[in-house]
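>>> show me how the following folds:
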Amino acid sequence: MADPRTIIGMFREPFGGCEAGLFDILGHGEDVRPKLRCALAAPASEPIGAVYRRVLTAGGVKPTDVLVVGVAGQDETWEHLLKAFARPVSCDFDLAERVMGGNGFGIFAWPDWRLLHHERWSRVLVHLGDVASMSVVGSAAAACEVQSFHLGPGMAMLEQFGPEAEDSFHAALLNELSAHPYFRVEPPKSTNPYEWAGRYVERLRLMAEKHNCDECRLVATLEELVAWSVENAVGRLTERPHDVILCGRGAERERLAARIRRRMCPSGTVGSEKIGLSVRAVRPAAAAMLAAARLDGYPAHVPSAGGADSAVCLGRYVKP
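Numbers count the residues shown, from 1 in each chain. Next up, the predicted model:
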């Protein structure tokens with residue numbers, strides 16, 4: 001196949017909706033790398049077909065210019081794409097990992113390694129989506145050394161409350177929240193956004209009431225909890241990262257980013273623009289890279305990241 005290959009990547013979350021991007025994928029197999037043309041975000045209420053159409057318009061391409069659509073996340077959107085646009089789709093990357101005994105989230109370790117790898121700098125990528133997650137890429141790390149796991153609650157929790165927050169948080173409430181057993185589990189580990197919404201949010205309101213904590217201060221405390229979860233995970237690493245790179249819709253929340261930056265100092269905390277991708281384009285880039293690897297028949301998989309037994313060629317290629 002000639003370079004570059006035009007691929008659309010989509011990442012779906014049940015609360016946050018869809019992040020999508022159009023990429024020129026350069027290289028093949030282990031050497032794939034994405035060049036972003038355009039990226040956008042859509043709410044969960046927007047049909048996947050409408051998102052796809054908007055990406056084509058923003059990128060100025062025809063459907064036939066797109067080699068394949070890579071879809072990652074919690075949605076069987078590929079069915080809609082096949083019916084509406086008759087384009088090949090690469091999907092079910094997480095299912096392929098689960099078949100091998102993994103947790104399904106380890107699929108992001110390999111593309112994150114490709115995006116973050118540096119011979120001298122260690123980096124962590126923090127994705128602030130429905131749940132917060134982290135990929136750890138040490139200096140000069142091989143792909144098999146990458147860790148990728150969920151940190152705990154993220155935007156699915158925070159968006160259940162108003163956006164207003166105070167600068168100060170409630171220390172006693174934060175201590176109580178940080179005692180959640182999930183934070184003590186060692187990687188590989190994963191969770192899902194439903195664990196941190198619904199009943200958990202009801203419990204948060206009751207705990208805030210017990211501590212006489214109003215909603216503005218509660219929001220500040222929950223933001224601090226997310227920032228603390230990043231610090232807690234980094235503190236367990238053998239190598240302090242040079243860079244902490246933020247992405248996902250939570251990276252657009254200035255107070256949350258500032259709280260992470262304070263806790264991560266002296267490590268530098270920056271947006272994913274440093275690696276050539278907007279904050280809403282990182283997970284779509286991963287989906288596009290996995291789709292390219294699937295076309296190449298390359299096992300773009302770090303089994304240890306998700307606890308799988310062995311590396312496999314992730315996902316499946318579905319023709320219209």
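>>> C-alpha from now on. contacts and neighbour counts both.
Noted.
>>> and what about Ala72, helix, strand or coil?
strand (DSSP: H, G, I helix; E, B strand; the rest coil).
>>> show me what contacts the nearest residue to it once chain neighbours are set aside?
Excluding the flanking residues, the one nearest Ala72 by C-alpha to C-alpha, 6 or more residues apart in numbering is Phe11, at 4.9 Å. Contact analysis of Phe11 by C-alpha atoms under 8 Å, 6 or more residues apart in numbering lists Cys18, Glu19, Ala20, Val71, Ala72, Gly73, Arg283, Pro284, Ala287.
>>> so who does Val219 touch?
Applying C-alpha under 8 Å, 6+ apart, we find Val219 in contact with Leu158, Phe161, Gly162, Pro163, Glu164, Ala165, Glu166.
>>> list phi and psi for it.
phi -60, psi -40 (degrees, to the nearest 10).
>>> so how far is Met157 from it?
Using C-alpha to C-alpha, to the nearest Å, Val219 is found at 10 Å from Met157.
>>> then Ala308?
29 Å.
>>> His301 now?
For His301, the distance to Met157 - C-alpha to C-alpha - is 30 Å.
>>> can I take it that the residue nearest to Ala72 is in a strand?
Yes: counting by three-state DSSP, Phe11 falls inside a strand.
>>> beta partners of it?
Counting by DSSP bridges, Phe11 forms beta bridges with Glu19, Ala72.
>>> quick check: pLDDT value at it.
Predicted confidence (pLDDT) for Phe11: 95.
>>> was I right about Ile25 contacting Asp3?
Yes: counting by C-alpha atoms under 8 Å, Ile25 touches Asp3, with 7.3 Å between them.
>>> settle it for me: which of these two has more neighbours?
Ile25 (23 against 10; other C-alpha atoms under 10 Å).
>>> got a list of contacts for the one helix or strand that one maps to?
Here Ile25, judged by DSSP states H and E, is contained in strand 17-26. Applying C-alpha under 8 Å, 6+ apart, the contact partners of strand 17-26 are 3-12, 32-46, 48, 51-52, 55-56, 59, 280-281, 283-285, 288-289, 292.
>>> narrow those residues to those in strands?
Among these, the ones falling in strands (DSSP state E) are 5-12, 33-42.
>>> now do the residue of the chain most remote from its centre, the pLDDT please.
Within the chain, the residue lying farthest from the chain centre (C-alpha atoms, centre = their mean) is Asn212, at 34.2 Å. pLDDT for Asn212: 97.
>>> point out where this structure drops to low pLDDT.
Applying pLDDT under 70 to the chain flags the ranges 1-2, 74-79.
>>> and it, what are its domains?
What automatic domain parsing lists as the domains of the chain is 5-102+279-318, 106-275.
>>> what's the burial count for Arg255?
For Arg255, using other C-alpha under 10 Å, the count is 18.
>>> part of a helix, is Ala152?
That one is not Ala; residue 152 is Gly. No: judged by three-state DSSP, Gly152 forms no part of a helix; its state is strand.
>>> that one: how many residues sit nearby?
When neighbours are counted by other C-alpha under 10 Å, Gly152 comes out with 25.
>>> the strand holding Ile25 versus strand 5-13: what angle between them?
Angle, strand 17-26 to strand 5-13, by axes from the mean of the first three to the mean of the last three C-alpha atoms, to 10 degrees: 160 degrees.
>>> how far off centre is strand 17-26?
13 Å (C-alpha atoms, centre = their mean, to the nearest Å).
>>> straight-line length of stretch 153-161, end to end?
14 Å.
>>> ugh, wrong one, stretch 276-284
In stretch 276-284, first residue to last residue: 13 Å (C-alpha to C-alpha).
>>> quick one: contacts of it?
By C-alpha under 8 Å, 6+ apart, stretch 276-284 touches 8-11, 19-21, 35-36, 39-41, 71-72, 246-249, 251-252, 271-273.
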